[in-house]
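Q: got a predicted structure plus its sequence, pasted below:
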Amino acid sequence: MIYRAISANTANVANRELNIDGPLVEYERRIAAGELLDGDACQLGTLWELQRLYDELVANAVACRLDRYTTSEKAGRSRWLWSRFIPQTSYAAMKGLYLYGGVGTGKTMLMDLFFNQLPSNWRKKRIHFHDFMLNVHSRLQKHKGVADPLEVVAGEMADESILLCLDEFMVTDVADALILDRLFRHLFSNGTILVATSNRAPDNLYEGGLQRDLFLQFIATLKERCVVHEIGSSVDYRKMTSTEQGFYFVGKHLSTLINQKFRQLIGEHIAVPQEVEVLMGRKLQVPLGAKGCAYFPFEELCDRPLGAADYFGLFKNFHTLALEGVPVFGLSNKTAAYRFVTLVDVMYENRARLLCSAEGTPIELFDRIVTIADAQKMAPRTSSRSMKSDLSDICVDNELGFAKDRTISRLTEMNSREYLQQHAEMLAEKQAAAIA
Ligand SMILES: Nc1ncnc2c1ncn2[C@@H]1O[C@H](COP(=O)(O)OP(=O)(O)OP(=O)(O)O)[C@@H](O)[C@H]1O
């Protein structure tokens, strides 16, 4: 495999010696061990970008302060203050990597493989984008009243990690859109090296969003500070690895069935209403919970003003969600669709288990959510009277229209034997850590 990769990248090889460590070799090892399928050429092309960055980071670890803390940081002095006395010119040289492309093509898997190959004692962090933004807002709250809180927040974050790996970069919120440019300018000037995965090319981020003109500077900054690489594959590895397991039930009025399945999961335990703490002291009411399993009717979790913070809080306390009555989405319940997409992202990130009843298969749930381009293709058909009634609830929304592919792909994987095995392993690891 590596030889295949080498021949496809002879120019790279001619320019540098092949590092025997790093993501390429680990990828090869996992294929040989049967842990991964022999990936397509697009995965290899992406691996080469990650290997290039890996080599560069290893060679420049000291200059970038990746492998150690400065004396000021060890002593707990403010890096913001200290940075005024340390020349920072070397930081600007190293570019990060922005990987984008279709769902299930392996972006997260490859980024994680890269991240895990770097020494564990380095100043590195891997975090989901939702979690990252929640963290930023929570820190901003803490520094309210300071002249430039974003500068302080960026300084704190850069103290903790120089290499920042962000999974699922997406911007749907105007509040996030308006602070990203200043936040990342401060982070980059503090030496942060960004690696990100996304379904969207930089130029398509926050497309159609409110006050998007103010966001354009961030896109320029991102392109300046990251090599932008499209994975370019159309292989959805989730479809290749999934064997269905029976945690997703299609139909209306399935509350008795979901209730029964929930009771089976909690065994002899008694489910009672619970309250969990989420970010910034907020509380979330769980209608029924026991043995790490929570039970929610869809409306109570996705048709109320809840968001990523509440969902992260929920899955800190519960590993399984029984969700009853996921509807087909359209214009009339577009906000609930956005929340459901976020819920699935947070669950997937936490390897949580989903038992649910829904009005349709994952694809059917999102049939009426379309991008502007999809809508234009459909337009001529709407002249037919019979089609008009079918399309009355069509929701044209670019952000949701792209995000739905990820959600469909993830819902399918979350009902697979492989995913449920990972869920069980995650639980076993947590239990072992709690005992130790
Ligand atoms: N070469 C491979 N062999 C086996 N499984 C793979 C391979 N590449 C990816 N996968 C698996 O396919 C699933 C999807 O991969 P991953 O989450 O990395 O895709 P993604 O591009 O980040 O998707 P999304 O855009 O939806 O977040 C994961 O379970 C991953 O482990």
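A: Sure thing, it's come through.

Q: for the residue most central in space within the chain, which residues are in contact?
A: Centroid-nearest residue in the chain: Glu168, 3.4 Å away (criterion: CA atoms, centre = their mean). When contacts are counted by CB atoms under 8 Å, 6 or more residues apart in numbering, Glu168 touches 108, 128-130, 197-199, 345, 406. All C-beta atoms are positioned from the backbone trio N, CA, C, and that covers glycine.

Q: separation between it and Asp393?
A: Using CB to CB, to the nearest Å, Glu168 is found at 28 Å from Asp393.

Q: hmm, back to that, ok, so of the contacts of Glu168, who is nearest Leu265?
A: Asp345 (22.6 Å; CB to CB).

Q: number of nearby residues for that closest one?
A: Residues lying near Asp345 (other CB atoms under 10 Å) number 22.

Q: doesn't Arg410 make contact with it?
A: Yes - here Asp345 reaches Arg410: they are 7.5 Å apart, a contact under CB atoms under 8 Å.

Q: out of the contacts of Glu168, which are inside strands?
A: Of these, the ones assigned to strands by DSSP state E are 128, 197-198.

Q: out of those, the closest to the ligand would be?
A: Closest approach between these and the ligand, by CB to the nearest ligand atom: Thr197, at 5.6 Å.

Q: list the contacts of the residue in the stretch 201-350 of the chain positioned nearest to the ligand.
A: Closest to the ligand within the stretch 201-350 of the chain is Tyr237: 3.2 Å, counting by CB to the nearest ligand atom. Each residue near Tyr237 by CB under 8 Å, 6+ apart is listed here: 37, 104-106, 109.

Q: again, but for Glu156
A: If you count contacts by CB under 8 Å, 6+ apart, Glu156 has them with Arg139.

Q: my reading is that it lies in a strand. Confirm?
A: No - Glu156 is assigned helix when assessed by DSSP: H, G, I helix; E, B strand; the rest coil, not a strand.

Q: any idea how far it lies from Ala352?
A: Taking CB to CB, one finds Glu156 at 29 Å from Ala352.

Q: could you chop the chain up by domain?
A: With domains defined by the TED database, the chain comprises 23-68+91-230, 246-379+388-435.

Q: any chance of those domains in a markdown table, with distance to the ligand and mean pLDDT too?
A: Shown next, in a markdown table, are those (distance: least, CB to the nearest ligand atom, whole Å; pLDDT from 0 to 100):
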| stretch | distance to the ligand | mean pLDDT |
| --- | --- | --- |
| domain 23-68+91-230 | 3 | 92 |
| domain 246-379+388-435 | 4 | 92 |
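
Q: quick one: residues in contact with stretch 265-281.
A: 134, 138, 141, 262-263, 283-291, 293-295, 309-310, 312-314, 316-318, 320, 322, 355.

Q: what about that stretch, how long is it end to end?
A: 30 Å (CA to CA, to the nearest Å).

Q: ok, and for that stretch, which residues are buried?
A: For stretch 265-281, burial by neighbour count (16 or more other CB atoms under 10 Å) applies to 265-266, 271, 276, 278-279.

Q: in helices only, show me those residues.
A: Those of these mapping onto helices are 265-266, per DSSP state H.

Q: export the buried residues of stretch 265-281 to CSV and tack on distance to Ala434?
A: Output for the buried residues of stretch 265-281, formatted as CSV (distance: CB to CB, whole Å):
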residue, distance to Ala434
Leu265, 20
Ile266, 19
Ala271, 22
Val276, 18
Val278, 21
Leu279, 23
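
Q: now, which of the buried residues of stretch 265-281 sits nearest Asp176?
A: Leu279 (14.9 Å).

Q: and that closest one, how far is that from Leu24?
A: From Leu279 to Leu24 the distance is 39 Å (CB to CB).

Q: picking up where we left off before, which one of the buried residues of stretch 265-281 is nearest Leu163?
A: Among the buried residues of stretch 265-281, and counting by CB to CB, the member closest to Leu163 is Leu279, at 24.7 Å.

Q: elements contacting the helix or strand hosting Ala434?
A: Remark: Ala434 resides in helix 417-435, with elements defined by DSSP states H and E. Counting contacts by 3 or more CB pairs under 8 Å, 6 or more residues apart in numbering; DSSP states H and E, helix 417-435 packs against no other helix or strand.

Q: buried residues, it. List them.
A: So, applying 16+ other CB under 10 Å, buried residues of helix 417-435: 419-420, 423.

Q: kindly report the same for stretch 163-173.
A: Neighbour counts using 16+ other CB under 10 Å place 163-173 of stretch 163-173 among the buried residues.

Q: can you give me the end-to-end distance of it?
A: End to end - CA to CA - stretch 163-173 spans 25 Å.

Q: give me the distance from it to the chain's centre.
A: 7 Å (CA atoms, centre = their mean, to the nearest Å).

Q: stretch 421-436: how far from the chain's middle?
A: The answer for stretch 421-436 is 22 Å, by CA atoms, centre = their mean.

Q: one more: stretch 296-311?
A: Relative to its parent chain, stretch 296-311 has a centroid offset of 19 Å by CA atoms, centre = their mean.

Q: contacting residues around Val171?
A: 177, 180, 205-206, 209, 215.

Q: biggest separation within those residues, which pair?
A: The widest separation within the contacts of Val171 (CB to CB) is 11.4 Å, between Leu180 and Gly209.
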